[in-house]
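Trainee: structure for this input, please:
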Amino acid sequence: MRELDNLCVNCWGELTEGSVCGYCGYDNDLDNDTMYLPKKTILEDKYIIGTVQKHESDAVTYLGYDGQLDRLVLIRELYPKGLANRLEGNLELHIRQRYVGEFEKLKQAFYRLWTNLEKMHSLSAVTPVYDVFEANSTVYAVIEDMDCISLRDYLLRNEAGYIPWENIRVMLMPVLTTLEALHSNGIVHGSVSPDNLLLCRDGKVRLAPFPITQACDSASVLEFTENEGYTALEQYDNSHKICAATDIYSFAACIYRALVGTNPPSAVSREANDKLMIPNTIAENIPIHVIKALVSGLQVYPEKRVKNIAIFRELLDAAPAVQAKTIPQEDIYQEGAKGGYPDYDESNKGEKKKRIIAIVLAVLVVIAIGATVYVVRALKTDNTPVENTSAALETFEVPNFVNNGLTQSEVQNNGAWNDQFKISFQGEYSADTEEGIIFKQSIEAGTKIPKGSDIVLTVSKGVQSETVPNVGGLSLDEAKKKLEELGFKVRTVEVYNDGNYTPGNVKALTGIAPEPGSVLAVGEEVLLQVYGEKETTTAPQDND
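Mentor: Model prediction:
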C-alpha cells in the first residue's frame with residue numbers, strides 16, 4: 001500500500017508541495033464533516049476513504065482508493081438521511097431508536113441490491129461493483145470510478161439539444177437488458193433519468209450508482225428521491241403499485257427527452273392533462289413505431305402501461321408479432337390543437353367529439369342511477385318502508401370512518417354523511433397514523449343512530465415532535481431534566497476525561513446525538529456523551 005501521508009484524498013495523486021494538491025488544487029488540510037467518516041479511514045484493510053462526493057436519500061458516496069490494487073473507487077455507505085448520524089470520533093453509525101427496525105430492512109435491501117449488481121458485471125450497462133461488506137454497523141459497496149458524463153450533460157452540449165432515434169437506439173437499448181435483469185431479481189430501479197445514465201469513454205452507457213427502491217417511494221421512511229418528469233405516478237401515489245412498469249415509464253421519458261429536447265411534464269400534472277407536446281418538425285423524423293412505443297411506455301397509470309421490458313423492447317424494435325397484438329391506445333401526443341406525428345386524421349375530430357359526448361352522458365346517467373340507489377338503500381337501513389317513516393324517527397348506520405384512510409376534507413365533502421349526522425372534528429397527535437388521517441370516531445362503526453346525531457372524528461396531527469436543545473456543558477442531571485421535560489428518552493455513554501473537564505458534565509461539542517436543533521418525535525432517544533472521572537496514573541508502591 002502506498003504511503004497515505006503523501007496522497008491527495010481528492011484525486012489520489014502524489015502531494016509534492018504541502019497540503020494543496022498540484023493536480024486538482026484540493027486543500028488536504030480540510031476534513032470531512034464529523035457526520036461522515038474521517039479522511040484516510042481504512043476499511044477492510046485496503047479501502048481508504050477520501051472526500052465526500054454526495055449524500056443521497058439512502059447513502060453517502062466517498063471518493064476512495066483501493067490500496068491493494070492501486071485504483072480509484074467510489075465507496076458507497078448506507079447512511080439514510082434523517083434516520084442515522086455519527087458522533088465525532090466514532091466510526092459506528094448511530095441509528096435513531098425509532099428507526100432501528102426500519103434500518104435493518106434498509107440494510108437488507110442495500111446489501112441485496114449491490115450484491116446483485118456485483119453478480120451482473122457481464123452486463124454492459126452495469127457499473128462494475130468490486131465488493132460489498134458490512135462494517136461500522138452499516139453496509140458498504142465499492143464501485144468502479146468511471147470517466148464519463150451524464151446523458152443530460154451530453155444532450156445539453158449538443159447544439160440542437162436532442163439527437164436522432166438511430167443514435168438513441170444504439171446508446172440506450174442495451175440498458176434495457178440490465179433493467180430486465182434487475183426486475184428478474186425483484187428489484188425496481190426507481191430513479192432512471194438522464195442524470196443517472198452515464199456515457200462512458202468505452203462507448204457504453206451505464207446506470208450510475210443509484211439508491212435502493214425505498215428511496216424512490218413517497219410512502220417510505222426515507223427522504224423521497226424525485227426526478228420530475230421521470231418519476232412515475234405510482235411513486236407519488238400509493239394507490240398504484242410500484243412495479244417493472246415504473247422503470248419503463250422513466251426509461252420512455254428519457255427517450256422522449258433525447259428525441260424532443262425537453263423534459264416531459266411531471267406525471268402528477270399529466271393526471272389532469274395527459275398530453276405530451278412533440279413539435280411537427282421533430283415528430284416527422286421519429287419512426288411511427290417509436291412514437292407508439294412511447295405512448296405505451298408513458299401511460300400515466302401503471303395498469304395501462306406496457307407491463308415488462310421484453311414487450312417494450314420489441315415495441316421499440318418494431319417486432320411484427322408484437323405490433324399485430326398491440327391494442328390502439330389513446331393518443332397522448334399533440335402540438336397545440338394539431339396532431340404531433342404522422343397518420344393523425346383531422347377528419348376524425350367530429351366523430352371523436354361525438355363519442356366523447358356520448359361517453360360523458362353515459363357516465364352521468366350511471367352516476368345518477370348510483371346516487372338514487374344509494375339514497376334508497378340509506379333510507380331503508382332500518383328495514384322500514386320510507387313512506388311510513390317520519391323524518392324525526394329516521395336512523396342511519398354509522399360508517400367506518402377509521403379503517404378507510406379518510407381525511408377531514410373527504411368527510412366534509414360527502415353530502416350524504418353530513419345530511420345524516422352532525423359531524424365535528426378534533427386533532428390529536430398519533431405516532432401510528434399519518435398526519436391528516438382520521439383514526440378515531442366517537443360512535444362505533446355499524447351503530448344505528450337517529451338522524452342528526454353528533455359524531456366526533458379525531459384527525460391525526462402526526463407525530464408530536466420537539467427540537468433537541470443544546471445541553472452541552474450541563475451536568476447530566478440538568479441535561480436529563482431538560483430533555484425529559486420535552487418527552488425525550490436519554491441514554492448516556494461515558495467518554496475519556498483528561499482532567500480538563502468536570503466529571504458528569506455533557507461534552508460541549510458534538511456530544512449530543514442527534515445534534516442540537518434536530519427535530520425529533522417525542523419519546524425518541526437522545527444520546528449524550530458524558531465525561532467520566534479524571535483518569536490518572538498511580539505510581540507503583542515501593543516495597544523496599
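Trainee: state the mean pLDDT of stretch 244-251.
Mentor: Averaged across stretch 244-251, pLDDT comes to 96.
Trainee: which residues of the protein score low on pLDDT?
Mentor: Within the chain, the stretches with pLDDT under 70 are 1, 319-393, 404, 535-544.
Trainee: could you tell me how many residues sit around Leu106?
Mentor: 25 (other Cβ atoms under 10 Å). The way it works is simple: take the backbone N, C-alpha and C, and place the C-beta from them, glycine included.
Trainee: likewise for the one 10 residues further on?
Mentor: Other residues near Asn116 come to 18 when the count uses other Cβ under 10 Å.
Trainee: who's in contact with it?
Mentor: Listed by Cβ atoms under 8 Å, 6 or more residues apart in numbering, the contact set of Asn116 reads 182, 185, 187.
Trainee: the last one against Leu113, yeah?
Mentor: Yes. Counting by Cβ atoms under 8 Å, Ile187 sits close enough to Leu113 to count as a contact (6.0 Å).
Trainee: so for the two, which sits in the more crowded spot?
Mentor: The residue with more neighbours, out of Ile187 and Leu113, is Leu113; 23 against 19, by other Cβ under 10 Å.
Trainee: now that one, what's its secondary structure?
Mentor: Put simply, Leu113 is helix when judged by DSSP: H, G, I helix; E, B strand; the rest coil.
Trainee: sorry, back to before: mind putting the contacts of Asn116 in CSV, distance to Asp317 included?
Mentor: What follows is those, written out as CSV (distance: Cβ to Cβ, whole Å):
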residue, distance to Asp317
Leu182, 20
Asn185, 24
Ile187, 24
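Trainee: let's see which of those end up in helices.
Mentor: Judged by DSSP state H, helices contain the following of the contacts of Asn116: Leu182.
Trainee: nearest to Pro128 among the contacts of Asn116?
Mentor: Ranked by distance to Pro128 (Cβ to Cβ), these are led by Leu182 at 15.6 Å.
Trainee: find the nearest non-adjacent residue to that closest one, please.
Mentor: Nearest non-adjacent residue to Leu182, counting by Cβ to Cβ, 6 or more residues apart in numbering: His189, 6.0 Å away.
Trainee: number of residues surrounding that neighbour?
Mentor: A total of 24 residues lie near His189 under the criterion other Cβ under 10 Å.
Trainee: next one: it from Asp247, what distance?
Mentor: To Asp247, His189 is 5 Å away according to Cβ to Cβ, to the nearest Å.
Trainee: quick one: contacts for the nearest residue to Glu494 once chain neighbours are set aside?
Mentor: Leaving aside its chain neighbours, Glu494 sits nearest to Gly532 (4.4 Å; criterion: Cβ to Cβ, 6+ apart). Contacts here follow Cβ under 8 Å, 6+ apart; on that basis Gly532 touches 494-497, 503.
Trainee: ok, Gly532 to Asn470 distance?
Mentor: Distance of Gly532 to Asn470, given as Cβ to Cβ: 21 Å.
Trainee: and for Arg152?
Mentor: Relative to Asn470, and taking Cβ to Cβ, Arg152 is found at 42 Å.
Trainee: same thing with Pro80?
Mentor: 24 Å.
Trainee: ok, now Leu233?
Mentor: 43 Å.
Trainee: comparing the two, which residue is more hemmed in?
Mentor: When Leu233 is set against Asn470 and neighbours are counted by other Cβ under 10 Å, the residue ahead is Leu233, at 20 against 16.
Trainee: phi and psi next, for the closest residue to the more buried one other than its chain neighbours.
Mentor: Distance criterion Cβ to Cβ, 6+ apart; nearest residue to Leu233, sequence neighbours excluded, is Ala267 at 4.1 Å. Main-chain dihedrals, Ala267, degrees, to the nearest 10: phi -60, psi -30.
Trainee: and Ala267, how many neighbours does it have?
Mentor: 24.
Trainee: next up, the contacts around it.
Mentor: Going by Cβ under 8 Å, 6+ apart, Ala267 touches 231-233, 236, 249, 300.
Trainee: quick one: it and Leu474, what's the gap?
Mentor: Using Cβ to Cβ, we find Ala267 at a distance of 50 Å from Leu474.
Trainee: just Glu515 next, same as before
Mentor: 16 Å.
Trainee: I'd say Ile42 and Ile48 touch.
Mentor: Yes. The pair Ile42 and Ile48 qualifies as a contact (Cβ under 8 Å) at a distance of 5.7 Å.
Trainee: so the two - more neighbours on which side?
Mentor: More neighbours surround Ile48 than the other of Ile42 and Ile48, with 23 against 14 (other Cβ under 10 Å).
Trainee: beta partners of that one?
Mentor: In this entry, Ile48 is beta-bridged to Ile42, Tyr65, by DSSP bridges.
Trainee: hang on, it packs against Leu4?
Mentor: Yes. Using Cβ under 8 Å, Ile48 makes contact with Leu4 at a distance of 6.5 Å.
Trainee: which residues touch Leu172?
Mentor: Counted by Cβ under 8 Å, 6+ apart, Leu172 has contacts 197, 205, 251, 254-255, 258.
Trainee: show me these that map onto strands.
Mentor: Judged by DSSP state E, the contacts of Leu172 include 197, 205 as members of strands.
Trainee: by neighbour count, which of the contacts of Leu172 wins?
Mentor: In terms of neighbour count, Cys254 stands highest of these at 26 neighbours, by other Cβ under 10 Å.
Trainee: find the nearest non-adjacent residue to it, please.
Mentor: In space, Cys254 is closest to Pro194, 5.7 Å off (Cβ to Cβ, 6+ apart).
Trainee: what's around the one you found, how many residues?
Mentor: Pro194, neighbours per other Cβ under 10 Å, totals 20.
Trainee: Thr510 now?
Mentor: Other residues close to Thr510 by other Cβ under 10 Å number 16.
Trainee: please apply the same query to Lys275.
Mentor: Neighbours of Lys275 (other Cβ under 10 Å): 12.
Trainee: again, but for Glu484
Mentor: 12.
Trainee: also Val60?
Mentor: 20.
Trainee: what helix or strand is it located in?
Mentor: strand 59-66 (DSSP states H and E).
Trainee: list the helices and strands that strand packs on?
Mentor: Judged by 3 or more Cβ pairs under 8 Å, 6 or more residues apart in numbering; DSSP states H and E, the packing partners of strand 59-66 are strand 47-55, strand 71-78.
Trainee: how distant is that strand from the center of its chain?
Mentor: Offset of strand 59-66 from its chain centre (Cα atoms, centre = their mean, to the nearest Å): 21 Å.
Trainee: quick one, strands of the stretch 351-500 of the chain?
Mentor: Counting by DSSP state E, counting those that start in this stretch, one finds strands in the stretch 351-500 of the chain at the ranges 395-397, 422-428, 438-441, 448-450, 454-460, 465-467, 489-495.
Trainee: now the fifth one: buried residues?
Mentor: Within strand 454-460, the residues that qualify as buried by neighbour count (16 or more other Cβ atoms under 10 Å) are 455, 457-460.
Trainee: which pair in these has the greatest spatial separation?
Mentor: The largest separation in the buried residues of strand 454-460, counting by Cβ to Cβ, is between Ile455 and Ser460 at 17.0 Å.
Trainee: re the thing from before, export the contacts of Leu172 as a markdown table, with columns for distance to Val9.
Mentor: Output for these, formatted as a markdown table (distance: Cβ to Cβ, whole Å):
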| residue | distance to Val9 |
| --- | --- |
| Leu197 | 29 |
| Val205 | 30 |
| Phe251 | 36 |
| Cys254 | 34 |
| Ile255 | 39 |
| Ala258 | 36 |
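Trainee: what's the closest of the contacts of Leu172 to Tyr36?
Mentor: Minimum separation from Tyr36 among the contacts of Leu172 (Cβ to Cβ) is found for Leu197, which lies at 27.3 Å.
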